[in-house]
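> pasting a predicted model and its sequence here:
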Amino acid sequence: MLEGRASALPFFEIWIVWQDAMIATQENNELLQMMLNQYQIDTTDEQRDLLLRHLDLVVEKNKVMNLTRIVEPREAIVRHVVDSLLLLNAIEEHKSSAVVRFLDIGTGGGFPGIPLGIVTKHRGLLIDSVAKKVRAVSEFINELGLHDQLSAESVRVEELALTQAKSFDVVVARAVADLGILVEYAAPLLKRHGVLVVSKALIEDDELHRGDTTAEICGLESVSRGTYELPDGQGHREIITYQKIKQPKIKLPRANGMAKKKPLA
C-alpha cells in the first residue's frame, strides 16, 4: 500500500504543476485580452495563445542566449507583446492593399514581427544582423507553425535592398535606430504607397526633423504620429508613419554603413 502511494505521488505532483500552468496560461490570456482591448486591438483566443507561446519560447531560449532582459510574465506581456501590436493600427490604416508583405528590421527575439504576423496573418520577413538571434527566431517560427507565412534572415538591410527592392508593402522597426536612418533604410525596400511604421519612446524634435528631412530626400512623407501609454505605467510610445509617394532624389541604397556614418540629415 505504501509503495503504491509512493509511486503515485510523482504523478500527482506533475498533475498539480500542469494544472497550475494551465491556470496561469488562462490568466495571462485574459490579461493580454484586457490590455489589447484598451487599444481597440481585437484578437482571438487562438491568437493570444500563440502570442503567449512565443513569449514562453523567448524566455526559455533566453536561458542560453541573451535575447531580452524582460522575463517577468506581466512585464513581458506589456513590453514585448502589447508594445509590438501598438504598430497594428497604423499598419491597417495606411496599408495600400489587402494582401500585405512586411519587413521587420532588427527583429531581435521576433518582435514586433511575430506578433504582427500572428494577428494580421500577413506574410513577413524578419531580419537581424546577429545570426544567432535569427536562428532562434527561425526556431520560434517553426515551433509556432508559422513557417508558411513568416521567415527570418541574417542580412544587412542595405544588402537586402539590392535583392528585394520595392518588395514590401510595410516596413516596421521598434527601437532600432535614429528615425532618419530608418527612413533611408526603408525607402528602397518599399513599394509605391508602401509605409514605414516606427515605434519610439520619447522622441526629440531634432530626431523628428531628421526623419522628415530624410523622407523628403528619399521620396517619403509623414502621414501620421500616434501616441500611446503602455499599461502599468511601463512607458510612452510614439508610432510614426511615413508613406512612399515618389522616387528618391538620390540613388539608394547607399553603401553599407553610410546611413549611420553620413546621415542625409
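Received it, and whenever you're ready, just let me know what you need.
> state the number of residues packed around Gln247.
Gln247 has 11 neighbours, counted by other CB atoms under 10 Å. All C-beta spots, glycine's among them, are computed from the backbone N, C-alpha and C.
> quick check, it in contact with Leu220.
No - with contact defined as CB atoms under 8 Å, Gln247 and Leu220 do not form a contacting pair (10.8 Å).
> show me the shaky parts of the stretch 1-150 of the chain.
1-24 (pLDDT under 70).
> what about Asp128, how many neighbours?
24.
> now it: how far from Lys261?
20 Å (CB to CB, to the nearest Å).
> ranges for the helices of this protein?
2-37, 45-61, 73-76, 83-85, 88-94, 113-120, 131-143, 157-163, 179-186, 205-218, 258-261 (DSSP state H).
> can you add mean neighbour count and distance to Val171 and give those helices back as a markdown table?
What follows is the helices of the chain, written out as a markdown table (neighbours: other CB atoms under 10 Å; distance: least, CB to CB, whole Å):
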| stretch | mean neighbour count | distance to Val171 |
| --- | --- | --- |
| helix 2-37 | 12 | 23 |
| helix 45-61 | 19 | 21 |
| helix 73-76 | 16 | 25 |
| helix 83-85 | 24 | 15 |
| helix 88-94 | 19 | 10 |
| helix 113-120 | 25 | 11 |
| helix 131-143 | 18 | 17 |
| helix 157-163 | 17 | 9 |
| helix 179-186 | 27 | 4 |
| helix 205-218 | 18 | 12 |
| helix 258-261 | 15 | 14 |
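> nearest to Ser151, of the ones you listed?
Ser151 sits nearest to helix 131-143 of all these, at 7.0 Å, using CB to CB.
> extract the CA atoms of the closest one and return them as CSV.
This file holds the C-alpha atoms of helix 131-143, laid out as CSV (Å, rounded to 0.1, in the frame of the first residue of the first chain):
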residue,chain,number,x,y,z
ALA,A,131,23.0,35.4,-36.9
LYS,A,132,22.3,33.5,-33.6
LYS,A,133,19.2,35.6,-33.0
VAL,A,134,17.9,34.8,-36.4
ARG,A,135,18.4,31.1,-35.8
ALA,A,136,16.4,31.4,-32.6
VAL,A,137,13.6,33.3,-34.4
SER,A,138,13.5,30.7,-37.1
GLU,A,139,13.1,28.1,-34.4
PHE,A,140,10.2,30.1,-32.9
ILE,A,141,8.5,30.5,-36.3
ASN,A,142,8.7,26.7,-36.8
GLU,A,143,7.5,25.9,-33.3
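> residues in contact with the closest residue to Leu32 other than its chain neighbours?
Sequence neighbours aside, Arg48 is the residue nearest to Leu32 in space, at 5.1 Å (criterion: CB to CB, 6 or more residues apart in numbering). When contacts are counted by CB atoms under 8 Å, 6 or more residues apart in numbering, Arg48 touches Asn29, Leu32, Gln33.
> residues in contact with the first one?
Taking CB under 8 Å, 6+ apart as the contact definition, Asn29 lies against Asp45, Arg48, Asp49, Leu52.
> adding distance to Leu202, write those out as CSV.
Output for the contacts of Asn29, formatted as CSV (distance: CB to CB, whole Å):
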residue, distance to Leu202
Asp45, 35
Arg48, 29
Asp49, 33
Leu52, 29
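> looking at the residues you listed, which is nearest Val176?
Using CB to CB, Leu52 comes nearest to Val176 of the contacts of Asn29, at 24.5 Å.
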